[in-house]
Each structure stands twice: as C-alpha cells, then as structure tokens.
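**Student:** Just need the structure, nothing else, for what follows:
(one chain, ligands or ions: 1)
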Amino acid sequence: NPEIYHEFTVQEKTVTRLCKSHKIITVNGQFPGPTLDVRNGDAVTVKVTNKARYNVTIHWHGLRMMQNPWADGPEFVTQCPIRPGGSYTYRFVIQDQEGTLWWHAHSRWIRATVYGALVIRPKLGVSYPFPKPKLELPILLGEWWNRDIISVLQQALFSGAAPNISDALTINGQPGDLLKCSKQGTIRYSVNPGDSILLRVINAALNQQLFFTVANHKLTVVATDAVYTKPFTTNVIMVGPGQTTDVLLTADQKPGRYYMAARAYATAQNAPFDNTTTTAILEYKSATSQPILPPLPAFNDTNTVTAFSNQLKSPGKVDVPTKIDESLLFVVGFGFFNCSPGPRCQGPNNTRFGASMNNVSFVLPSTVSLLQAYTNKVPNVYTTDFPPTPPVKFDYTGNVPRGLWQPVRGTKLYNLKFGDNVQIVLQDTSIFSTEDHPVHLHGYHFYVVGQGFGNFNPSSDPARFNLIDPPQRNTIDVPVGGWAAIRFVADNPGVWLMHCHIDTHLAWGFAMAFIVGNGVGPSQTLLPAPVDLPPC
Ligand code: C2O
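**Tutor:** Numbers count the residues shown, from 1 in each chain. The predicted model follows:
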C-alpha cells in the first residue's frame with residue numbers, strides 16, 4: 001500500500017471575518033484545514049502536534065478504522081486528549097472506501113474551526129462509476145463565530161433562552177457576498193463552458209442542517225457519506241452536520257456567474273437559528289455579469305427534505321442483513337435536569353437543558369478513555385446496561401407528560417457480539433420540541449432501511465422497509481417528529497460512539513457507545529494500543 005504522511009500542527013491564528021478579528025484554532029494555520037487527498041487502500045499516517053491552548057483530538061469522520069478504534073479520535077472514547085504541547089500519530093489504512101469524508105477535532109467544540117476534507121479516490125487504475133469530471137471541488141459548509149468557541153459552548157451548556165447561534169454560515173471558511181465585510185473573501189471557482197464538475201459537499205457546521213443549491217444548474221447526486229448512490233437529479237440537497245453528498249454539475253448554462261448557496265433547514269419549534277445565506281461563486285471564464293442568486297427552500301421545508309432523502313438508493317441490490325440478532329429501539333430527544341436557581345439553570349422552571357437516548361444523558365469519563373478502560377479492564381468507568389429499548393413506553397411524538405422529561409446521567413454502553421446483525425430504530429420525541437437529528441455512528445456504515453413520521457409501528461412499518469437497495473450512510477437524519485431504521489453487521493471490534501452530530505445536543509448528553517467484541521482469528525480482533533497513545 002502506498003504510504004501517505006502528513007503533519008498537522010494545531011495552532012492558534014488570528015483570522016478576520018465580518019469585520020472582526022480573533023484567534024481561532026487551526027491546523028497548520030489554515031482555515032478550513034488541509035484537504036487529505038488519498039486513495040482507497042492507502043496507509044495513512046498523520047502526526048498531530050498540539051501547539052494550541054486547548055486539548056484536541058482528530059476524528060476521521062466516516063472512516064471505518066477496521067479493528068483500529070485507536071485511530072478514531074473521539075476524546076475520552078477512544079483516546080485521552082492531546083494536551084497542549086503533546087502529540088499523537090494517527091495510523092490507519094483506507095479499506096474499501098471511496099468518496100468524500102472529512103476530518104474534524106473531536107474535543108468539546110474545537111471542531112468549529114478545526115476541520116477539513118478527506119477525499120478518497122479509487123485505487124490507481126480504477127475509475128469512478130461516472131465519467132471522470134473535469135474539476136473536483138471540496139465544498140465545506142461551516143459556521144463562523146465572532147467569539148471564542150469555548151465561551152459559546154459554555155453558553156450552550158447552560159442556556160435555554162437563546163441557543164448559541166453562529167454569526168454566519170460559511171463555504172470553505174468564507175461567509176460570502178451577502179454578509180458584511182465579506183465580499184473580498186468570497187470563494188470563486190472558475191470554469192469553462194461544458195466542464196463537468198464534482199462538488200464534494202460536506203456539512204462541517206456545528207449545529208445547522210443545511211440546504212445547498214447552485215443557481216440555474218441541476219445537481220446529480222452520485223454518493224453520500226463516501227458510498228455511491230443510484231444517480232438522480234435535483235435542484236437542491238439537504239446535508240446534515242456530519243454528512244457528505246457528492247454531486248455532479250455540468251457548466252451548461254449561459255456563460256455567466258452563478259452563486260452556490262447554503263442556508264439552514266431548521267425544525268426546532270421557536271428556537272432561533274442562523275438565518276444567514278452563505279454563498280460562493282461559480283464563474284464561467286471571462287464572464288462579468290452580476291452573479292445570479294438561486295432560490296432556496298424555506299427554513300422549515302420538511303417536504304423537500306423528505307422528497308430528497310426518499311430518492312437516495314444504492315446503485316443496485318445490496319446485502320442487507322435480514323435475520324436480526326439485536327433489535328434496538330432508541331428514543332431520542334430532550335429533557336431537563338433539576339438545578340438550583342442560578343445562571344446555569346435557564347431551562348423552564350429553573351431546570352438545566354439536557355438530551356438523552358433511551359432516557360440516559362451520556363457522560364464522558366474524564367480520567368481514562370472508554371476504549372482503554374475496556375481493554376485494560378479498568379473498573380468503575382462505565383456500565384454495560386444501556387437500555388436496548390426505552391425504559392418507559394409512551395406516545396413518543398404526542399403530548400409527553402412532564403414526569404418523563406427527566407433523563408438520568410450515566411456512562412452506559414451496550415455490548416454487541418461480533419457478527420451480530422443489528423437493527424436500530426431511532427425515534428424522535430416531542431419532549432419540549434420535536435427536531436430532526438443527524439445521528440452518527442462511529443466505525444460503521446449502515447443501511448437506511450426505512451423512515452417515517454410519528455411513532456414507529458413495529459407491526460406495520462417493517463413491511464415497508466427497503467431491503468433491496470437502501471442507501472448506506474454513517475450519519476442518518478432522523479426526521480423531525482419521526483423515526484429512521486438502520487441495519488448493519490457488527491463486524492468491527494472496538495468501542496464506538498453513536499451521537500447526534502448537532503454539537504449542542506451532543507454537549508447536552510445525546511450519545512451512547514457500543515462495545516463490539518472480538519470475532520475469531522486475527523482479522524476479527526482489536527489491534528493492540530499504539531505506544532504513543534496520549535497519556536490520560
Ligand atoms: Cu463527526 Cu463523533 O463525529
């Protein structure tokens with residue numbers, strides 16, 4: 001396997017956006033960070049050195065890291081953080097994956113500015129399942145804050161009144177023409193008439209689901225989360241935090257300038273959201289006209305989102321597990337903790353906001369990682385009694401009684417046997433507010449076999465599952481006030497986090513983790529811990 005070596009230096013840098021300058025955390029002084037450009041089969045080594053004032057880890061979002069959770073990156077899950085002055089070398093092999101993923105910090109909210117594209121090309125001599133595009137552009141959608149991100153996080157943890165809203169959405173780190181002081185920096189892509197272009201769209205935003213479109217041009221979806229899809233054409237896509245969508249576009253319009261634009265899809269009732277529109281410019285060479293702005297769906301246009309996700313399919317028949325060994329129902333949503341009146345208790349009736357899965361609000365350990373606790377048998381770090389179904393059954397999307405609003409805090413994991421066929425139904429709740437949730441599973445791709453609105457009905461909904469050609473993803477957007485069903489084979493041993501990729505919800509406890517045991521023989525066994533794993 002070809003060897004790829006990179007050095008990532010995590011360092012502070014003063015960056016100016018929206019007429020304001022402040023120090024942000026970057027990789028190699030770049031914002032967004034460097035693109036990791038690799039091929040399927042490559043052995044990759046990235047030495048990360050932390051020269052910033054905050055702890056950091058790097059997660060390679062969507063890479064399966066077979067037998068190798070040591071390189072996965074979530075802080076206190078698979079490793080302890082790289083402290084200021086420390087370093088850690090991530091070593092991993094790209095195994096049977098092609099397409100667009102991304103990397104990001106996985107330590108508190110440092111990922112707000114510490115992220116970049118991870119482009120996996122086919123092996124040498126292997127081509128894409130579509131004609132080779134003339135141009136390939138990573139499009140990283142993100143958010144910009146005028147304030148230090150850790151202070152924004154503190155606010156998110158305590159406030160109920162006004163959740164942290166970013167000051168602008170961004171494309172490749174730039175707010176674009178419609179935001180103040182931003183014209184100079186707007187990203188421009190110059191194309192020749194007739195060019196075919198692959199846009200690798202990545203939602204790196206902390207808290208915003210995003211619509212994305214390009215004025216006057218059709219988008220042909222060819223992959224999501226680094227898995228090819230059956231191509232289909234659309235005007236607009238919706239990308240949740242953590243998700244990627246590859247689209248092909250042909251520069252077949254009147255030579256001119258066209259905006260690509262992204263704006264929030266927001267479903268939480270009465271909650272403010274970033275309502276800015278971020279833009280970049282697709283400009284045909286030598287065109288001088290004013291750029292054309294595309295229409296975007298309304299912020300709450302769930303119909304467009306549903307129609308889009310219903311079109312996602314695998315290119316042909318796929319091997320969906322049919323005999324299920326573990327059938328899990330995870331009820332997800334909000335809750336409130338009692339707290340004594342004070343600035344930390346800004347939820348209704350002097351409560352503190354929380355989020356949970358099956359009523360457990362997840363707490364990370366702080367002195368050892370879960371993976372090290374598991375492999376070294378460290379007692380009293382976690383329990384394995386995460387409930388496979390909700391401890392209390394109720395009308396999840398109905399009028400939920402107040403008594404059910406109080407989750408319990410815990411570090412609860414769930415054991416899976418190697419090779420188990422797993423089905424998880426993720427069910428949104430209307431506790432406080434219904435909202436769609438982009439739920440990400442580390443270490444796996446899963447088949448999205450079904451989704452719907454209201455409460456999942458175990459006697460009628462499975463009959464409608466797509467067991468022929470469902471799409472594969474690593475992050476599923478659970479519909480607002482609805483459910484999504486996923487299936488996968490537990491064939492990757494280790495400790496793997498599952499969580500909402502909206503960081504406010506993650507900070508509030510919307511997470512759990514699986515322990516997947518070893519199988520038989522060396523190809524099904526967890527690799528030993530690297531010697532330079534950061535000390536806890
Ligand atoms: Cu993209 Cu746990 O993260």
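**Student:** and the residue nearest to Glu3 when sequence neighbours are not counted, how many residues sit next to it?
**Tutor:** Leaving aside its chain neighbours, Glu3 sits nearest to Ala43 (5.2 Å; criterion: Cβ to Cβ, 6 or more residues apart in numbering). Using the backbone N, CA and C atoms, a C-beta is placed for each residue, glycine as well. By the measure other Cβ atoms under 10 Å, the count of residues near Ala43 is 14.
**Student:** With Lys285 instead?
**Tutor:** Lys285: 11 neighbours (other Cβ under 10 Å).
**Student:** With the one 10 residues further on instead?
**Tutor:** Counted by other Cβ under 10 Å, the residues lying close to Pro295 total 9.
**Student:** per-residue pLDDT, it?
**Tutor:** pLDDT for Pro295: 97.
**Student:** all helices of this structure, in order?
**Tutor:** Secondary structure of the chain by DSSP state H: the helices cover 149-158, 302-311, 370-375, 503-507.
**Student:** Please determine how far the closest residue to Arg200 other than its chain neighbours is located from Leu140.
**Tutor:** Spatial nearest neighbour of Arg200, excluding adjacent residues (Cβ to Cβ, 6+ apart): Thr100 at 3.9 Å. Using Cβ to Cβ, to the nearest Å, we find Thr100 at a distance of 10 Å from Leu140.
**Student:** repeat for Gly33
**Tutor:** 9 Å.
**Student:** just Lys132 next, same as before
**Tutor:** The value you get for Lys132 to Leu140, if Cβ to Cβ is used, is 23 Å.
**Student:** follow-up on the earlier one: anything in contact with each of Thr100 and Leu140?
**Tutor:** Ala117, Ile202 (Cβ atoms under 8 Å, 6 or more residues apart in numbering).
**Student:** Residue ranges of each domain in this structure, please.
**Tutor:** Domain ranges of the chain: 1-127, 130-313, 326-524, per automatic domain parsing.
**Student:** Need those in CSV (columns: distance to Asp532).
**Tutor:** As requested, these are exported to CSV (distance: least, Cβ to Cβ, whole Å):
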stretch, distance to Asp532
domain 1-127, 6
domain 130-313, 26
domain 326-524, 14
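**Student:** Can you say which of those domains is nearest to the ligand?
**Tutor:** domain 1-127 (3.7 Å; Cβ to the nearest ligand atom).
**Student:** pLDDT on that closest one, on average?
**Tutor:** For domain 1-127, mean pLDDT rounds to 97.
**Student:** Contact partners for Ala262?
**Tutor:** For Ala262, the contact set (Cβ under 8 Å, 6+ apart) comprises Leu141, Leu169, Ile171, Leu210, Phe211, Phe212, Thr213, Thr277, Thr278.
**Student:** Which residues does it form beta bridges with?
**Tutor:** Phe212, Thr278 (DSSP bridges).
**Student:** rewinding a little: pretty sure the residue nearest to Glu3 contacts Ala71?
**Tutor:** No: Ala43 is not in contact with Ala71 according to Cβ atoms under 8 Å; the separation is 11.3 Å.
**Student:** shared neighbours of those two, which are they?
**Tutor:** With Cβ under 8 Å, 6+ apart as the test, Ala43 and Ala71 both reach Arg91, Phe92.
**Student:** Trp145: how many residues sit nearby?
**Tutor:** Neighbour tally, Trp145, other Cβ under 10 Å: 22.
**Student:** Excluding chain neighbours, what is closest to the residue nearest the centre of the chain?
**Tutor:** Nearest residue to the geometric centre of the chain (Cα atoms, centre = their mean): Gly242, 1.7 Å. In space, and not counting its chain neighbours, Gly242 is closest to His501: 3.6 Å by Cβ to Cβ, 6+ apart.
**Student:** The one you found and Glu435, how far apart?
**Tutor:** Distance, His501 to Glu435, by Cβ to Cβ: 13 Å.
**Student:** The ligand contacts on this structure?
**Tutor:** Neighbours of the ligand within the chain, by Cβ under 6 Å from any ligand atom: His59, His61, Pro74, His104, His106, Gly242, His440, His442, Leu497, His499, His501.
**Student:** what sits against the first one?
**Tutor:** The one in question is His59. His59 is in contact with Asp72, Gly73, Pro74, Trp103, His104, Ala105, His106, His442, counting by Cβ under 8 Å, 6+ apart.
**Student:** Please enumerate the strands of the stretch 401-536 of the chain.
**Tutor:** Under the criterion DSSP state E, counting those that start in this stretch, the stretch 401-536 of the chain contains strands at 408-410, 413-416, 421-428, 437-441, 446-453, 472-473, 475-478, 482-489, 494-500, 511-516.
**Student:** Mind listing the strands the fifth one pairs with, and their directions?
**Tutor:** Strand 446-453 has its sheet partners listed here by DSSP bridges as strand 472-473 (antiparallel), strand 482-489 (antiparallel).
**Student:** what number of residues lie near Thr389?
**Tutor:** Thr389: 12 neighbours (other Cβ under 10 Å).
**Student:** Go ahead and confirm it touches Asn358.
**Tutor:** Yes: applying Cβ under 8 Å as the test, Thr389 and Asn358 come out as touching, 7.3 Å apart.
**Student:** Most widely separated two among the contacts of His59?
**Tutor:** Maximum pairwise distance among the contacts of His59 (Cβ to Cβ): 14.6 Å, between Ala105 and His442.
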